[in-house]
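K.L.:
with the input below, show me the fold.
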Amino acid sequence: MADIRSLHDAVADLVRDGDTVAMEGFTHLIPYAAAHEVIRQGITDLTLVRMTPDVVYDQLIGAGLVRKLVFSWGGNPGVGSLHRFRDAVENGWPRPLELDEHSHAGMANRYVAGASRLPFAVLRGYRGSDIPARTDTVSTVVCPFTGEELAAVAALNPDVTVIHAQQADREGNVQLWGLAGVQKEAALAARRVLVTVEEIVDRLEPRPGGVVLPTWVIDAVCVVPGGAHPSYAAGYSVRDNAFYQAWDPIARDRETFTRWLDTHVRGVPDPDAAAPDDEATVR
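P.N.:
Numbers count the residues shown, from 1 in each chain. Now for the predicted structure:
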């Protein structure tokens, strides 16, 4: 059953050194505030999992907290490369980064297998790719009915999944809507689940296409308005395109990045009281 808690306490309790952590959200509902709290607490040696790692993972990697990335695409959407990600891969700064790369379909199927508590998922994919030669999480199986050889991908079961959503009720049931990625599957696959939300409501009103996560699959709900900034939460905020553009020159330079991180993430004295725009301002 979900407890409604402060972000500081929930992160301290649920995210631990050495964990495999999924922070999901596709274009919107990306849990930036929770990631910043992980940075503030210095939780390290993480294996980060995400279908589309973007700026939020650039920040975690640049902070030196990540030893491995499991992913299917990485970049600053609409802008270009993730420079802290590239620096870690190419130069080992601030530490070497191990990679486990997949296709989008492969990652989605890995989450589905994990959520289903199955050891692997089967799909048509990876044929002609060199990815299977570079990871031990892709193999092949032969269909017992047709004899067809298919790709098999190992299940993903994160130690903790972190997502952002629009609403939770007072019992800890969560609803998100709009452009959804694999938040549901990532939450159901995880051992522990932390959800930040825009607001608490007395009663969730079902929405067409909405995803409801019941309280019994969630460990903690944290009220963090604007917790997805600079991404957006449909119905509550819009995407801060200027942030993504401004991030490129900041992330290119190690010293500039470190100053930004110290000022706008580590330097926030009371994250549960800080205004989202103050915490995430790009200068």
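K.L.:
wait, a helix at R207?
P.N.:
No - read with DSSP: H, G, I helix; E, B strand; the rest coil, R207 is coil and lies in no helix.
K.L.:
hmm, it is touching W177, no?
P.N.:
Yes - taking CB atoms under 8 Å as the definition, R207 is a contact partner of W177 at 4.8 Å. Quick note: C-beta positions are derived from backbone N, CA and C, even for glycine.
K.L.:
which of the two has more neighbours?
P.N.:
Counted by other CB atoms under 10 Å, R207 and W177 do not tie: W177 has more neighbours, with 19 against 16.
K.L.:
need the pLDDT of the nearest residue to D240 once chain neighbours are set aside.
P.N.:
If the residues on either side of it in the chain are set aside, D240 comes closest to P230, at 3.8 Å by CB to CB, 6 or more residues apart in numbering. Note on P230: pLDDT of 97.
K.L.:
shaky segments in the chain?
P.N.:
269-283 (pLDDT under 70).
K.L.:
per-domain residue ranges of it.
P.N.:
Here the domain assignment for the chain is 3-102+157-263, 104-154, based on automatic domain parsing.
K.L.:
re earlier: so what's the residue nearest to D240 up against?
P.N.:
The neighbourhood of P230, defined by CB atoms under 8 Å, 6 or more residues apart in numbering, consists of 32, 55, 239-240, 243-244, 280.
K.L.:
measure the residue nearest to Y126 when sequence neighbours are not counted to T52 for me?
P.N.:
Distances taken as CB to CB, 6+ apart put A151 closest to Y126, at 4.6 Å, once the chain neighbours are dropped. Using CB to CB, to the nearest Å, we find A151 at a distance of 20 Å from T52.
K.L.:
comparing these two, which residue is more hemmed in?
P.N.:
The neighbour comparison of A151 against T52 (other CB under 10 Å) goes to A151, with 23 against 20.
K.L.:
got the phi/psi numbers for the more buried one?
P.N.:
When read as degrees, to the nearest 10, the backbone of A151 gives phi -80, psi 140.
K.L.:
again, but for the one 3 residues further on
P.N.:
Geometry field for A154 lists phi and psi as phi -70, psi 140, criterion degrees, to the nearest 10.
K.L.:
please enumerate the strands of the stretch 1-150 of the chain.
P.N.:
3-4, 20-23, 46-50, 66-71, 98-101, 120-123, 138-142, 149-154 (DSSP state E, counting those that start in this stretch).
K.L.:
closest to R259 out of the ones you listed?
P.N.:
strand 66-71 (20.2 Å; CB to CB).
K.L.:
and the residue nearest to T135 when sequence neighbours are not counted, how many neighbours?
P.N.:
Counting by CB to CB, 6+ apart, the nearest residue to T135 once its immediate chain neighbours are dropped is D100, at 5.3 Å. Other residues lying near D100 total 19 when counted by other CB under 10 Å.
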